[in-house]
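S.K.: after the sequence you'll find the predicted model.
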Amino acid sequence: EVQLVESGGGLVQAGGSLRLSCAASGFRSDDYTIGWFRQAPGKEREGISCISRSDGIPYYVDSVKGRFTISSDNAKNTVYLQMNSLNPEDTAVYYCAADPLVPCSDWFPYYWGQGIQVTVSS
């Protein structure tokens with residue numbers, strides 16, 4: 001059974017930083033894509049970053065480029081999202097997601113974590 005467990009969310013002031021972690025387990029292969037979506041109140045869920053464990057190439061949505069960095073520790077089966085220069089528009093529930101077949105360039109993952117709240121105060 002695939003499990004994705006997020007940690008690291010919380011409350012931070014505008015301009016601050018947080019690092020989210022997602023521990024993955026249950027995949028039969030080490031070759032899968034993994035990353036993050038977020039859903040702000042009243043808005044649709046959007047994919048913000050993805051990385052392939054095989055080639056390590058990261059993908060970002062424009063709104064987080066230059067502020068967020070995704071990385072993968074393959075030995076720990078954990079992916080991180082370092083979020084800097086946070087602003088209130090980043091307030092959302094952040095979801096870890098992964099898929100063994102779908103590439104980051106066309107990313108509609110099958111497996112999802114429970115989500116974790118990130119709140120940025122002004």
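M.R.: Arrived safely, thanks for sending.
S.K.: tell me the secondary structure at the residue nearest to the spatial centre of the chain.
M.R.: For the chain, the residue nearest the mean C-alpha position is Trp36 (2.3 Å; C-alpha atoms, centre = their mean). Judged by DSSP: H, G, I helix; E, B strand; the rest coil, the three-state class of Trp36 is strand.
S.K.: surely it touches Ile70?
M.R.: Yes - judged on C-beta atoms under 8 Å, Trp36 makes contact with Ile70 at a distance of 7.1 Å. Every residue, glycine included, has its C-beta placed from N, CA and C.
S.K.: what residues are shared contacts of these two?
M.R.: Shared contacts of Trp36 and Ile70 (C-beta atoms under 8 Å, 6 or more residues apart in numbering): Ser49, Cys50, Leu81.
S.K.: in JSON lines: the residues you listed, plus secondary structure.
M.R.: Shown next, in JSON lines, are the shared contacts of Trp36 and Ile70 (three-state DSSP):
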{"residue": "Ser49", "secondary structure": "strand"}
{"residue": "Cys50", "secondary structure": "strand"}
{"residue": "Leu81", "secondary structure": "strand"}
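S.K.: from those, pick the one nearest Cys22.
M.R.: Nearest to Cys22 among the shared contacts of Trp36 and Ile70, counting by C-beta to C-beta, is Leu81 at 7.9 Å.
S.K.: check contacts around the closest one.
M.R.: Neighbouring residues of Leu81 by C-beta under 8 Å, 6+ apart: Arg19, Leu20, Cys22, Gly35, Trp36, Ser49, Phe68, Thr69, Ile70, Tyr94.
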